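Please work out how this folds:
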Amino acid sequence: MERVNEPLLGGDSRTRNNPILNSVMLGCAMFFILFFSIATPDTLSSDVEGIFIYLVYVVAILGAPLLITRIREKLSMLISLVIFFITFLIFVYASSADLVSVIISPFALELLWISVGSFIFYISDKSNIGLNFGIFFSVYQLLQGLFLLTLNHVQINNNTGFIIMFVIFFIVGVLLILFLGNPSRIRGDGLGSDLVDELVSPFKVMFDKKFLFIIPSIVFIGFSSEFGITGVANVDQYVYVGTNLVVSSLTPLIVGFLFDRLKKMFVVIILLIMGILAIITSHIFVYDSDEDQNHTSYYYVAAVTYTILKCGLTVFIYALVGYLYQKKPLPSNAAIQFVFVTGLVLAYIFTYFISSFYVGFYVLTALLVIACILLLYLTKKHDL
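Next up is the predicted model:
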């Protein structure tokens, strides 16, 4: 089927298709687009709503590749941005219609992540896919962290200033997407030739033998997004956010670089060491109630190593899936999102029905151990 390639969405020059430049612009665009997600109401307030939202996400994940393959990634990103902007307008002017946001926001989010992941697959090869994902996540984390730091010092006292800021972010997001290049799609998108094949293609990737070994890692990333192991400490929030900013923005870059340069098994070992340090120091922090200097030091060590683990593992998984399924960008990214959302839902169910930090601590620890063991087996078996 003929794909949309409008002149406005062009960018066939060599400079415009530079993978590093496109990764930087994508990271910036992702920040400005996801900034609008704060207008999405907190919908997981009951078990029924949680199940409903999960079903909406599943439909969105299955439907997004069908749209992306026909209008391509850049236009899909623009549509996602427009949808987020609509949810913002609903939040400001028609809060009673929050149900509309609940339904369309998951579609916008999945359309965005799948199109961005697929786009990075297209601009990459096996020699630079780690660095490209590393740059993308590094830029996104850097802008997000800087925004959080400045948010404490900037006050917007009226709705007009708030709306102007959103409009500016919307315009910048649109421009960044338009300036992206148009990478070659000679490898194809990995979807089938008919509607049924297109719908089941993410599940074919998900049940592939190699991908099965990656699933626990993605579940861990999703679960850890909603449930942390470091607990809460009475520390200087400015120092904490600043430290987290440096670590979360440098880690993706370093891990992406190492992914392309080292045996993948060695990168897994490094991440496993960070995970072990996070578990040990967090365990000491949680079970030691003394508010002394050493106690706070354990918290910082746990927070830093846990951030390295999460950010590093995220880059590693995206790069690994791209390395293994480069000819299937759309179904493989949809498969990642399906498992990731499942991890989020499991964390929500766990928090809602069990609500025990200590049990969650050990569940997350078990997930991490299983994930790393399977990754080590996969990378060694296939000599990656």
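
so where is this protein shaky, pLDDT-wise?
1-13, 38-50, 94-98, 152-159, 185-190, 192, 228-237, 285-295, 355 (pLDDT under 70).

Run through the helices of it in chain order.
Under the criterion DSSP state H, the chain contains helices at 19-34, 47-93, 98-122, 129-151, 159-178, 195-206, 209-212, 215-226, 237-261, 264-287, 293-324, 329-353, 357-381.

Mind checking those for the one nearest to S184?
Nearest to S184 among those is helix 98-122; the distance by C-beta to C-beta comes to 7.1 Å. All C-beta atoms are positioned from the backbone trio N, CA, C, and that covers glycine.

and that closest one, what does it pack onto?
The contact analysis (3 or more C-beta pairs under 8 Å, 6 or more residues apart in numbering; DSSP states H and E) places helix 98-122 against helix 19-34, helix 47-93, helix 129-151, helix 293-324, helix 329-353.

any chance of those in CSV, with mean neighbour count and distance to E226 too?
Below are the helices and strands packed on helix 98-122 laid out as CSV (neighbours: other C-beta atoms under 10 Å; distance: least, C-beta to C-beta, whole Å):
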stretch, mean neighbour count, distance to E226
helix 19-34, 22, 17
helix 47-93, 19, 11
helix 129-151, 21, 17
helix 293-324, 22, 12
helix 329-353, 22, 4
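
Compare the ones you listed and report which one is nearest to C372.
Once these are compared by C-beta to C-beta, helix 293-324 is nearest, at 8.9 Å.

roughly how far out does the closest one sit from the chain middle?
14 Å (C-alpha atoms, centre = their mean, to the nearest Å).

when you give positions from now on, start the count at 31
Let's use 31 as the start, then, which means that last one is helix 323-354.

Figure out which of the helices and strands packed on helix 128-152 is closest to K234.
Closest among these, using C-beta to C-beta: helix 359-383, at 6.8 Å.

The closest one to helix 128-152, inter-axis angle?
140 degrees (axes from the mean of the first three to the mean of the last three C-alpha atoms, to 10 degrees).

Export the helices and strands packed on helix 128-152 to CSV and append columns for distance to P282.
Converted to CSV, the helices and strands packed on helix 128-152 look like this (distance: least, C-beta to C-beta, whole Å):
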stretch, distance to P282
helix 49-64, 9
helix 77-123, 20
helix 159-181, 4
helix 323-354, 5
helix 359-383, 16
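
Among those helices, which comes closest to F241?
Between F241 and these, the shortest gap by C-beta to C-beta is with helix 359-383, which sits at 6.5 Å.

Quick check: which helices or strands does that closest one pack against?
Looks like helix 359-383 contacts helix 77-123, helix 128-152, helix 225-236, helix 245-256, helix 323-354, helix 387-411 (3+ C-beta pairs under 8 Å, 6+ apart).

Compare these and give me the one nearest A308.
Closest to A308 of these is helix 323-354 (C-beta to C-beta; 4.0 Å).

that older thread, list just the one of the helices and strands packed on helix 359-383 that sits closest to F209.
The nearest among those, by C-beta to C-beta, is helix 77-123 at 9.8 Å.

the inter-axis angle of the closest one versus helix 189-208?
110 degrees.

what about helix 77-123, distance to the chain center?
Here helix 77-123 is found 15 Å from its chain centre; the criterion is C-alpha atoms, centre = their mean.

Contacts for stretch 234-246 next, please.
For stretch 234-246, contacts defined as C-beta atoms under 8 Å, 6 or more residues apart in numbering pick out 220, 347, 350-351, 354-355, 358, 361-362, 364-365, 368-369, 397, 400-401, 404-405, 407-408, 412.

Give me the distance from it to the chain's centre.
Worked out by C-alpha atoms, centre = their mean, stretch 234-246 lies 18 Å from the chain centre.

likewise stretch 46-63?
Centroid displacement of stretch 46-63 relative to its chain, using C-alpha atoms, centre = their mean, is 15 Å.

Same question for stretch 396-411.
The answer for stretch 396-411 is 20 Å, by C-alpha atoms, centre = their mean.

Can I get it as PDB, trimmed to CA atoms?
The C-alpha trace of stretch 396-411 is given here as PDB (Å, rounded to 0.1, in the frame of the first residue of the first chain):
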ATOM      1  CA  ALA A 396      12.900 -11.400  41.900                       C
ATOM      2  CA  LEU A 397      11.900  -9.900  38.600                       C
ATOM      3  CA  LEU A 398      15.300  -8.200  38.300                       C
ATOM      4  CA  VAL A 399      17.200 -11.500  39.000                       C
ATOM      5  CA  ILE A 400      15.100 -13.500  36.500                       C
ATOM      6  CA  ALA A 401      15.400 -10.700  33.900                       C
ATOM      7  CA  CYS A 402      19.200 -10.500  34.100                       C
ATOM      8  CA  ILE A 403      19.700 -14.300  34.100                       C
ATOM      9  CA  LEU A 404      17.500 -14.700  30.900                       C
ATOM     10  CA  LEU A 405      19.300 -11.800  29.200                       C
ATOM     11  CA  LEU A 406      22.700 -13.300  30.100                       C
ATOM     12  CA  TYR A 407      21.500 -16.600  28.600                       C
ATOM     13  CA  LEU A 408      20.200 -15.000  25.500                       C
ATOM     14  CA  THR A 409      23.200 -12.900  24.800                       C
ATOM     15  CA  LYS A 410      25.600 -15.800  25.400                       C
ATOM     16  CA  LYS A 411      23.700 -18.400  23.500                       C
END
